[in-house]
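Asker: Could you work out the structure for the sequence below:
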Amino acid sequence: MFAALWSCGNLPLLVECAAHFSPWVEQTTAGACGDSVVFDIRGLRLIHGAPAEIATAIERRMGLHANLAIASNPDAALHAARWLKGTTVIPPRREAEMLAPLPLFLLGGSAEFARTLDVWGIRTFGELAALPGLGVAARLGEEGVAMQRLARGEGDRLLRLLKGALEFSEEFELESPVDLLEPLLLLLARLLQSICNRIAAHSLAANQLRLRLKLERAPEYRLTLDLPVPMLDPQVFLKLLQLEMNQRPPEAAIERIWLQLHPVESRVTQQGLFLPPSPQPEKLEITLARIRNLVGAGNLGAPELVDTHRPDSFRYMRLGATKLNREKYLRANTHTSRIALRRFRPLRHAQIWLDASGQPVRIASSKAAGRILACFGPWRTSGDWWSSEAWDREEWDVEIATGLLKIHRDCRRCDWFVEGIYD
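Answerer: Model (predicted):
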């Protein structure tokens, strides 16, 4: 089913109304004869019900005087909206009957086609639809056949979609500045509910939330939440905003609020019959936000190696932001035996005795102590000499009676450390 709206001089309002019900909108005309839009409403039956109930919902949303028509194809709906006053719902297979009184000039076509029909005395859709199909094809060609199909309400074309991405945002200007979090959250809850209702009407979800606050005599406050999976729960969004703003509150009173959700396709999941249920992503994201609020954003995430030769250099990335190339990992670890190093964090200071050749012969530390039976090294590394984080160290693998250790000497500070123990 398709719906068409026609009005004179209200094109932005028509487009806004159509975009509220469907992401597939076509702007068909814009001129002195009036403006019209056509949009796909096939997915609205589950939300609003029968075509008559869909028409009622569109009428309530319009807020202006316009003709509304609903039909099984875009052309039938458009022709009916351009001529029939008020609201018209054309039942399936009754398009020719309902369109029969319409004047023929609504079809358009070439000037020669119009002159020929005028000579024949054809003035309405019904008169053109009643002509023999073979005779129309012989005398009027392909154009005549196409126009006769439109007059019978048998159009089957696709919509020429209006370019421009969907945007779901709300803006609110406060009468007096707000400097407390509780009243701000009440306003955000109302804005989130409104945006989520609009997104749900398009059968979409959101994977990003952006908040901008205009502050009183202070720089603008900005907050962006990247969600791990598409969501559409205003309560979850509100809780995430509350946790983030508790950790980083605005610096001054708030004068204006701007909130936006980025629309994406909804998440579809198939649960296994014999698998235990896993936590919902929404609840997991709230739990992670609470942990982030306690330990700090830089201390939570998935570890990722940094592209540097600095030993034990890594950073925390947001969970879900990195992906492990499993095939590459398996190829690199096939038919190889490796031992693991259990690193001590923080490093443990050690006292090392060296022999005449400079090799370690004894160790004393909180993790290990005793005579060194064998040692391998040194392996020297250095870098970042131009910055305050420069390093210069030599590493050794040493064996004592209780196991195999990794130690290193910080050449810049002349200190020894126990870095870890091998399993």
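
Asker: alpha carbons only for contacts and neighbour counts from here, please
Answerer: OK.

Asker: Can you pull the phi and psi angles for the residue lying closest to Arg380 once chain neighbours are set aside?
Answerer: Nearest residue to Arg380, sequence neighbours excluded (Cα to Cα, 6 or more residues apart in numbering): Glu394, at 4.2 Å. In terms of degrees, to the nearest 10, the main-chain angles of Glu394 are phi -130, psi 130.

Asker: show me the contacts for Glu394.
Answerer: If you count contacts by Cα atoms under 8 Å, 6 or more residues apart in numbering, Glu394 has them with 378-381, 408-411.

Asker: Which of those residues fall within strands?
Answerer: 378-381, 408-410 (DSSP state E).

Asker: Weed out the non-buried ones from those residues.
Answerer: Neighbour-count burial within the ones in strands among the contacts of Glu394 applies to 378, 408-409; the criterion is 16 or more other Cα atoms under 10 Å.

Asker: host element of Arg256?
Answerer: Secondary structure assigned from DSSP states H and E places Arg256 in strand 254-265.

Asker: Show me the strands paired with that strand, marking each as parallel or antiparallel.
Answerer: In the sheet, strand 254-265 lines up against strand 168-178 (antiparallel), strand 204-215 (antiparallel) (DSSP bridges).

Asker: CA atoms only for the longest one, dumped as CSV, please.
Answerer: Which is strand 204-215. Taking Å, rounded to 0.1, in the frame of the first residue of the first chain, the C-alpha atoms of strand 204-215 are listed here in CSV:
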residue,chain,number,x,y,z
LEU,A,204,14.7,1.1,13.2
ALA,A,205,17.1,1.3,16.3
ALA,A,206,20.0,3.4,17.3
ASN,A,207,23.7,2.7,17.7
GLN,A,208,25.0,6.1,18.8
LEU,A,209,23.7,8.9,21.1
ARG,A,210,24.9,12.5,20.9
LEU,A,211,24.2,15.1,23.5
ARG,A,212,25.1,18.8,23.3
LEU,A,213,24.4,21.3,26.1
LYS,A,214,24.7,25.0,25.8
LEU,A,215,26.1,26.3,29.1
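
Asker: contacting residues around that strand?
Answerer: Strand 204-215 has contacts (Cα under 8 Å, 6+ apart) with 199, 220-232, 237, 250-267.

Asker: same deal with stretch 363-381?
Answerer: Stretch 363-381 has contacts (Cα under 8 Å, 6+ apart) with 309-310, 348-353, 359-362, 391-402, 418.

Asker: So Asp75, which state does it fall into?
Answerer: Under DSSP: H, G, I helix; E, B strand; the rest coil, the three-state class of Asp75 is helix.

Asker: So which bits of stretch 113-131 are buried?
Answerer: Neighbour counts using 16+ other Cα under 10 Å place 114, 117, 122-129 of stretch 113-131 among the buried residues.

Asker: Between the residues you listed, which sits nearest Pro23?
Answerer: Distance to Pro23 across the buried residues of stretch 113-131 (Cα to Cα) is lowest for Phe125, with 30.9 Å.

Asker: So this structure: which segments form each domain?
Answerer: Domain ranges of the chain: 2-151, 169-265, 341-422, per automatic domain parsing.

Asker: looking at these, which is closest to Leu300?
Answerer: domain 169-265 (14.0 Å).

Asker: roughly how far is the closest one from the heart of the chain?
Answerer: 15 Å (Cα atoms, centre = their mean, to the nearest Å).

Asker: any idea of the mean pLDDT in that domain?
Answerer: Computed over domain 169-265, the mean pLDDT rounds to 88.

Asker: That one: end-to-end distance?
Answerer: 17 Å (Cα to Cα, to the nearest Å).

Asker: Please enumerate the helices of the stretch 1-150 of the chain.
Answerer: Assigned by DSSP state H, counting those that start in this stretch, the stretch 1-150 of the chain shows helices spanning 11-21, 45-48, 51-62, 74-83, 95-99, 111-120, 125-129, 133-151.

Asker: residues of the first one that come out buried?
Answerer: Pointing back at helix 11-21 there. The neighbour-count check on helix 11-21 (16+ other Cα under 10 Å) flags 11, 14-15, 17-21 as buried.

Asker: For that helix, list the C-alpha coordinates in CSV.
Answerer: Extracted in CSV, the C-alpha atoms of helix 11-21 (Å, rounded to 0.1, in the frame of the first residue of the first chain):
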residue,chain,number,x,y,z
LEU,A,11,5.9,20.9,0.7
PRO,A,12,8.2,20.9,3.9
LEU,A,13,5.3,19.9,6.1
LEU,A,14,4.2,17.2,3.7
VAL,A,15,7.7,15.7,3.6
GLU,A,16,7.9,15.9,7.4
CYS,A,17,4.6,14.1,7.8
ALA,A,18,5.5,11.4,5.3
ALA,A,19,9.0,10.9,6.8
HIS,A,20,7.3,10.3,10.2
PHE,A,21,5.6,7.2,8.8
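
Asker: hey, which helix is longest across the chain?
Answerer: helix 181-201 (DSSP state H).

Asker: Contact partners for Tyr39?
Answerer: I think there's a mix-up here, since residue 39 is Phe and not Tyr. Counting by Cα under 8 Å, 6+ apart, Phe39 touches 2-4, 18, 22-26, 74, 159.

Asker: from the residues you listed, which ones fall inside strands?
Answerer: Cross-referencing those against strands under DSSP E gives 2-4, 25-26.

Asker: quick check, nearest of these to Asn246?
Answerer: Nearest to Asn246 out of the ones in strands among the contacts of Phe39 is Val25 (Cα to Cα; 41.1 Å).

Asker: Count the neighbours of the closest one for me.
Answerer: 24 (other Cα atoms under 10 Å).

Asker: and what of Gly133?
Answerer: Neighbour tally, Gly133, other Cα under 10 Å: 14.

Asker: ok, now which ones touch it?
Answerer: Val145.

Asker: if we can go back for a sec, save the helices of the stretch 1-150 of the chain as CSV, and put in distance to Gln242 too.
Answerer: Conversion of these to CSV gives the following (distance: least, Cα to Cα, whole Å):
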stretch, distance to Gln242
helix 11-21, 29
helix 45-48, 31
helix 51-62, 32
helix 74-83, 46
helix 95-99, 54
helix 111-120, 65
helix 125-129, 61
helix 133-151, 56
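
Asker: got those as TSV, with mean pLDDT columns?
Answerer: Shown next, in TSV, are those (pLDDT from 0 to 100):
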stretch	mean pLDDT
helix 11-21	81
helix 45-48	80
helix 51-62	85
helix 74-83	87
helix 95-99	87
helix 111-120	87
helix 125-129	87
helix 133-151	87
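
Asker: Right, I'll leave it there.
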